[in-house]
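Q: below are the sequence and a predicted model for it; my questions follow.
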Amino acid sequence: MLVNDKFLGITSYLMSKIVLDNDKFLELYRVMIRIRTYETTLRTLSREGKIPARFGMYTGQEGVATGVSAHLKKDDQIGSTHRPVGHLIAKGINLDKLTAELCGKATGFNKGKAGSYHIFDPETGCLGANGIVGASVPMCAGYALRNQIKNDGRVTVSYFGEGGSNQGGIQETLNLAACWNLPIVFICENSSPVVQRMLGHEMDYPQLTIDNVSIRAAGYGMPGSTHDGWDVEEVYRVAGEAINRARSGKGPTLLEFKVHQFEGNLEGRLEANEKDKPFCPIDVLEHKLRIRQILKKDTEEKIRLEELELVQKAVKFALSSPEPDIKEAYTDVFGGAF
Amino acid sequence: MPERIITMSEALNEAMFNEMKKNSDIILLGENVSSSFRGPTKGLKDAFGRERVRDAPISETSFIGAGIGAAITGLRPIVELMLVDFGLVAMDQILNQMGKTTYMSGGAVKIPITLRAVIGAGTSSGATHSESLYSLFAHMPGIKVVLPSTPYDAKGLLTSSIRENCPKVFLEHRLLYNVKGNVPKEEYTIPLGVANTCNEGNDVTIVASGLMLHESLKAAEKIKNKVSVEVIDPRTIYPLDEETILKSLQKTGRLIVVDEDYRYCGFSAEIAALAAEKAFKQLKGPIYRLATPNTPFPFNPRLERELLPNAEKIEKLIQKVIGE
Ligand SMILES: Cc1ncc(C[n+]2csc(CCOP(=O)(O)OP(=O)(O)O)c2C)c(N)n1
């Protein structure tokens, strides 16, 4: 696998402060493999025309959702984006129903009405992928408000991109969350860490004139910091601190993770960029695990195989599921029967 | 004149290119407008520079607002919304500020802005990426709403829109960008508020715009040996060319409105009200509306098709109307 200077450079630094025990390491590894295997499989399905519309991929960013969700309980809520699959899987969403939803089937979480953009699964606290950039964030403040009022220790994690961070709704919500001291962690995944791009198009004017979105946190009165999103161990460490802070009533945090988006398939988005490849969170973790002699070849193969089987089972479930009844086109507008 | 067949996307591009070339006060703002991958705005950055063709952050409120402000102070901005649904993020700027400022100022300020937005269902894109929303804009005061359905109209209507001194929402159906048609190379305008009778007929009048015009024409063609259908494209939702519709009703006495936007309190109801108020005596039967029910668009393509009007449904409705 991939070993380059960059890793060797960071390895010695990271070796000095191991934060995870071996089992936790393998657990995170497994989740990242699950997301990657899932998305690559689904991408093939999409290309074969078995998914009604293209969907945005999370490939390259697995370290973030995985490291964050490792601290979340089932009842904690997340709000997601237009590229939600990684967030949802890390939060523990059922793969069968997820796949069925992406295929528009009756057995999907939302009867095939959501597709990838609007998936909701209240069962696992996945309260909304969102097709409108930035739109899940204000609602996340509401989940956190509920948690504060009910005082039952739940927290909310709100994901958005560096492009989304410029939406008024997000900026307003950062202020609101600080004013009300809400139990929420804002996670900005900065997927254009080197060259600014929007939907894969290079931009003629920047959409940000700062390198780190997290410096805005100070302007709203909350702690903020920027980290390498391709290092799941680092994500795990800082997300843990922020989530504990929220859980113990100390208020919101804004965390920014730099990530390299390998491939996306929304409108004209550029395909895999070779320069991004060294920042693969899975390769980085595998490298560390090998150096620390935690990951043996047979364990790795076993994990990969088990996850592939899980994904294949989900695809089978989705493809053999029925289409929603035509009458469903008219139901659920107000939550009652038609 | 020899025919020159180009796509609607190219026709729009040509209108912007010609106007921007003549008038340096015209600027273009929006997400990814500098990109060479996007049809209607392709090449404009290279031709007119980054000063006038500007990429904006994903902040609809601010760049639409900036367009309005620039218009108030003498520029003539074209602002692009990647999809009309995203404009809902910026409703205050569009409906309060853009639509009302001229009136509130007692005419002291003018707002020559063209807010171009992509609309349309039929691509399984779900509830926040599929709407048309022209009824919403037309419902509010102070905004002209333009909806071209052919490449020829697209060029003429966009040229007029850019030149007019008031706020316009200019809607482009995503499934029509690649539709081809004859478009003269030279400049021309189509005034806002003049309908186009696309198919002449005597038995029933259909009013339809955008993609629905094409579906209606298909239906009219299919049934032409049995029923003579007049198909009218209003071209602008507001102002509305009442005269063309009323004249047609005098002839046919029967009206069908086909509308991709939501049905309730919408464009189809407006046309029906027009007929009831001003052509009541000529009507031979009830007015029929084929519009999208007040239901968000589902992701599943079959469910989406169920909700949308199409040629087949229009043809059935024509048969029903004639049978009465
Ligand atoms: C309000 C709104 N404006 C525009 C879009 C179109 N759009 C979808 S994704 C996207 C880019 C989002 O960038 P960012 O938030 O940085 O996310 P990422 O690049 O990581 O996907 C845009 C402009 C949208 N969905 N919603």
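A: Perfect, thanks for sending it. Numbering: from 1, shown residues only, chains lettered A, B, ... in the order given.
Q: going forward, measure contacts and count neighbours with C-alpha atoms only.
A: Noted.
Q: so for the chain, the centremost residue is which one?
A: Picking chain A for this. Nearest to the geometric centre of chain A sits A:His87, at 3.0 Å (CA atoms, centre = their mean).
Q: please refer instead to chain B.
A: Closest-to-mean residue, chain B, CA atoms, centre = their mean: B:Leu147 / 1.5 Å.
Q: doesn't B:Tyr238 make contact with that residue?
A: No - contact between B:Leu147 and B:Tyr238 fails when scored by CA atoms under 8 Å: they sit 9.6 Å apart.
Q: what segments of chain A are strands?
A: Per DSSP state E, chain A carries strands over the ranges A:77-79, A:156-161, A:184-190, A:197-198, A:201-202, A:224-228, A:253-258.
Q: lowest mean pLDDT across the ones you listed, which one is that?
A: Of all these, mean pLDDT reaches its minimum on strand A:201-202 (a mean of 83).
Q: quick one: is that strand near chain B?
A: Yes - judged by CA under 8 Å from any CA of the partner chain, strand A:201-202 comes into contact with chain B at A:His201, A:Glu202.
Q: so is that strand next to the ligand?
A: No - residues of strand A:201-202 are not located near the ligand by CA under 6 Å from any ligand atom, the shortest gap being 9.8 Å.
Q: neighbouring strands - and their directions - for that strand?
A: Applying DSSP bridges, strand A:201-202 is found paired with strand A:197-198 (antiparallel).
Q: which residues touch the strand it pairs with?
A: Residues outside strand A:197-198 that contact it (CA atoms under 8 Å, 6 or more residues apart in numbering or on different chains): A:Gly163, A:Met203, B:Asn32.
Q: where is pLDDT lowest across those?
A: Scanning the contacts of strand A:197-198 for pLDDT, the low point is A:Met203. It has 86.
Q: contacting residues for the residue in the stretch 201-338 of chain A that chain B sits nearest to?
A: Of all residues in the stretch 201-338 of chain A, A:Gln207 sits closest to chain B, at 4.6 Å by CA to the nearest CA. Counting by CA under 8 Å, 6+ apart, A:Gln207 makes contact with A:Gly163, A:Asn166, A:Gln196, B:Ala56, B:Pro57, B:Ile58.
Q: most widely separated two among those residues?
A: A:Asn166 and A:Gln196 (13.5 Å; CA to CA).
Q: how many neighbours does A:Met198 have?
A: Residues within reach of A:Met198, counting by other CA atoms under 10 Å in any protein chain shown, total 21.
Q: try the one 10 residues further on
A: Using other CA under 10 Å, A:Leu208 has 14 other residues around it.
Q: distance from stretch A:40-47 to the middle of the chain?
A: 19 Å (CA atoms, centre = their mean, to the nearest Å).
Q: mind saving the C-alpha coords of that stretch as CSV?
A: The C-alpha coordinates for stretch A:40-47 follow below in CSV (Å, rounded to 0.1, in the frame of the first residue of the first chain):
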residue,chain,number,x,y,z
THR,A,40,-17.8,2.3,-4.8
THR,A,41,-20.4,-0.4,-5.1
LEU,A,42,-23.2,2.1,-5.4
ARG,A,43,-21.4,4.1,-7.9
THR,A,44,-21.3,1.1,-10.2
LEU,A,45,-25.0,0.6,-9.6
SER,A,46,-25.5,4.2,-10.5
ARG,A,47,-23.5,3.8,-13.7
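Q: got any ranges where the stretch 201-338 of chain A has weak pLDDT?
A: For the stretch 201-338 of chain A, the stretches with pLDDT under 70 are A:263-274, A:337-338.
Q: apply 50 and report the result again.
A: A:265, A:267-268, A:338 (pLDDT under 50).
Q: any idea of the pLDDT on residue 12?
A: By default, I'm working from chain A. 45.
Q: I was thinking of chain B, sorry if that wasn't clear
A: We have a pLDDT of 98 for B:Leu12.
Q: quick one: residues contacting it.
A: Taking CA under 8 Å, 6+ apart, one finds B:Pro40, B:Pro151, B:Ala154, B:Lys155, B:Leu158 in contact with B:Leu12.
Q: if we can go back for a sec, any chance of the contacts of strand A:197-198 in JSON lines, plus distance to the ligand and neighbour count?
A: What follows is those, written out as JSON lines (distance: CA to the nearest ligand atom, whole Å; neighbours: other CA atoms under 10 Å in any protein chain shown):
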{"residue": "A:Gly163", "distance to the ligand": "3", "neighbour count": "24"}
{"residue": "A:Met203", "distance to the ligand": "12", "neighbour count": "21"}
{"residue": "B:Asn32", "distance to the ligand": "8", "neighbour count": "27"}
